[in-house]
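Asker: build me a model from this:
(4 chains)
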2 protein chains.
Amino acid sequence: MSALAAGTGPTSVDDVLARLRARGGRVTNARRQLLEALFSSTGHRTAEDLAAEIQGRAPDVHISTVYRNLDELERLGVVVHAHLGHGPATYHLSSHSHSHLVCGECGVAIEAPDEMFMCLADDAESSFGFHIDPHHFAVLGTCKGCVKPTS
Amino acid sequence: MSALAAGTGPTSVDDVLARLRARGGRVTNARRQLLEALFSSTGHRTAEDLAAEIQGRAPDVHISTVYRNLDELERLGVVVHAHLGHGPATYHLSSHSHSHLVCGECGVAIEAPDEMFMCLADDAESSFGFHIDPHHFAVLGTCKGCVKPTS
DNA sequence: ACCCAAATGCGAACTGGTTGCGAGAGCGCG
DNA sequence: CGCGCTCTCGCAACCAGTTCGCATTTGGGT
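Answerer: As a prediction, the model looks like this:
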């Protein structure tokens, strides 16, 4: 896929910064740091987590700036956030979007293939005309290791 | 089912109060009010919502008492709570437990039959040994009326 | 170099919920 | 009926996660 593809699927920090500039936005240090933090790891990052990493290099970057920029990037289609249970929201690049199964006991988050939700999706669609979005909220449950704890 | 059946499935305010007493608990006005509010409606109630209703009749009942008692009742198996999206948790009698499809646009909560989740449940079980609990967290999506808003 | 809107830093506010504490009230017992 | 033990309550303070208001800084077009 081309680095300049519109809409979703950014491939590099500079790509996103270019898009931001094209939209009338400005390229600031905080934004570059945030994007570098996001691109440098594939996992689920909380705002606090990202802020901590950024502050290691640029101590002045305030967590509210991180929130504001995550918001902005979400509007741009670069990142998405998901709720993995009771704790804070997690952010990741939209190209890594996927569903989650979260264990209520140990908190582990399993990345589930979208196919797993197909039949629920079809069912909801035909029964209620409801179109599910399994990416945004995790499905709670109990993982393999916690089903029978120490029994 | 018998009104004195143990575990889950309470049928009346007095039934629950009796159970509470049997456990060494006390029957207080706040508890009776809370139970009456819970039994008097089938829907999804937030703690704030319940507190407001109770305070209409008993103004002194504090919201923290509502939270504490909902917690207690949950431990007793009388009520369960579910998270229907971003807002506050909703509580209802455990006998009304069910899954939810929540529209991210309009916020409507559809009560989904458990069968709808069977194939996701089986799939998660066989693929990851993960046992889903579809009741506790709602599945987000877009409802019939919001799929093509004003198009 | 100049200027102005965009963005930032900072703290305060807000929401949803929890906790510590002293006062008060159920209720078993004598 | 009254005692007293303990469970509960009301309250305010607190907490986490996130958002907001506002004065100040700064990117970047001209």
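Asker: get me the contact residues on chain A for DNA strand C.
Answerer: A:20, A:24-26, A:28-31, A:58, A:60-62, A:64-65, A:68-69 (C-beta under 7 Å from any atom of the strand). (C-beta placed from N, C-alpha, C; glycine too.)
Asker: among these, name the buried ones.
Answerer: A:20, A:30-31, A:61, A:65, A:69 (16 or more other C-beta atoms under 10 Å in any protein chain shown).
Asker: which one of those is nearest chain B?
Answerer: A:Asn69 (20.2 Å; C-beta to the nearest C-beta).
Asker: is the closest one in a helix, a strand, or coil?
Answerer: Under DSSP: H, G, I helix; E, B strand; the rest coil, the three-state class of A:Asn69 is helix.
Asker: test my guess that it contacts A:Gln33.
Answerer: No: between A:Asn69 and A:Gln33 there is no contact under C-beta atoms under 8 Å: 9.4 Å.
Asker: can you map out the helices along chain A?
Answerer: Here chain A has its helices, by DSSP state H, at A:13-22, A:29-39, A:47-57, A:63-76, A:115-128, A:144-147.
Asker: wait, which of those is closest to chain B?
Answerer: Nearest of those (C-beta to the nearest C-beta): helix A:144-147, 3.4 Å.
Asker: per-residue confidence averaged over the closest one?
Answerer: The average pLDDT for helix A:144-147 rounds to 90.
Asker: which residues of chain A score low on pLDDT?
Answerer: Applying pLDDT under 70 to chain A flags residues A:1-9, A:149-151.
Asker: show me the domain layout of it.
Answerer: Chain A is divided into the following domains under automatic domain parsing: A:13-95, A:98-144.
Asker: redo those domains as JSON lines? Include distance to B:Met118.
Answerer: Below are the domains of chain A laid out as JSON lines (distance: least, C-beta to C-beta, whole Å):
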{"stretch": "domain A:13-95", "distance to B:Met118": "23"}
{"stretch": "domain A:98-144", "distance to B:Met118": "9"}
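Asker: so which of those domains gets nearest DNA strand D?
Answerer: Closest approach to DNA strand D among the domains of chain A (C-beta to the nearest atom of the strand): domain A:13-95, 3.2 Å.
Asker: so of the helices of chain A, which one's packed in deepest?
Answerer: Most buried of these by mean neighbour count (mean count of other C-beta atoms under 10 Å in any protein chain shown) is helix A:29-39; its value is a mean of 20.
Asker: do that one and DNA strand D meet?
Answerer: Yes: Helix A:29-39 lies within reach of DNA strand D by C-beta under 7 Å from any atom of the strand, at A:Asn29.
Asker: ok, residues contacting that helix?
Answerer: A:12-13, A:16-17, A:20, A:45, A:50, A:53-54, A:57-58, A:61, A:65-66, A:69-70, A:73, A:79, A:91-93 (C-beta atoms under 8 Å, 6 or more residues apart in numbering or on different chains).
Asker: try stretch A:78-91
Answerer: Residues outside stretch A:78-91 that contact it (C-beta under 8 Å, 6+ apart) are A:8, A:10, A:16, A:19, A:38, A:44-48, A:50, A:70, A:73-74, A:92-94, A:97, A:100, A:102, A:104, A:107, A:109, A:135-138, A:140, B:83, B:86, B:137.
Asker: cutoff 7 Å now
Answerer: Outside stretch A:78-91, the residues that touch it by C-beta atoms under 7 Å, 6 or more residues apart in numbering or on different chains are A:10, A:16, A:38, A:44-48, A:50, A:70, A:73-74, A:92-94, A:97, A:100, A:102, A:107, A:109, A:135-138, A:140.
Asker: repeat for stretch A:113-120
Answerer: A:98-99, A:132, A:134, B:116-117, B:119-120, B:123-124, B:127.
Asker: let's have those residues in TSV, adding distance to DNA strand D.
Answerer: As requested, the contacts of stretch A:113-120 are exported to TSV (distance: C-beta to the nearest atom of the strand, whole Å):
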residue	distance to DNA strand D
A:His98	19
A:Ser99	19
A:Ile132	22
A:Pro134	19
B:Met116	29
B:Phe117	26
B:Cys119	31
B:Leu120	26
B:Asp123	29
B:Ala124	25
B:Ser127	29
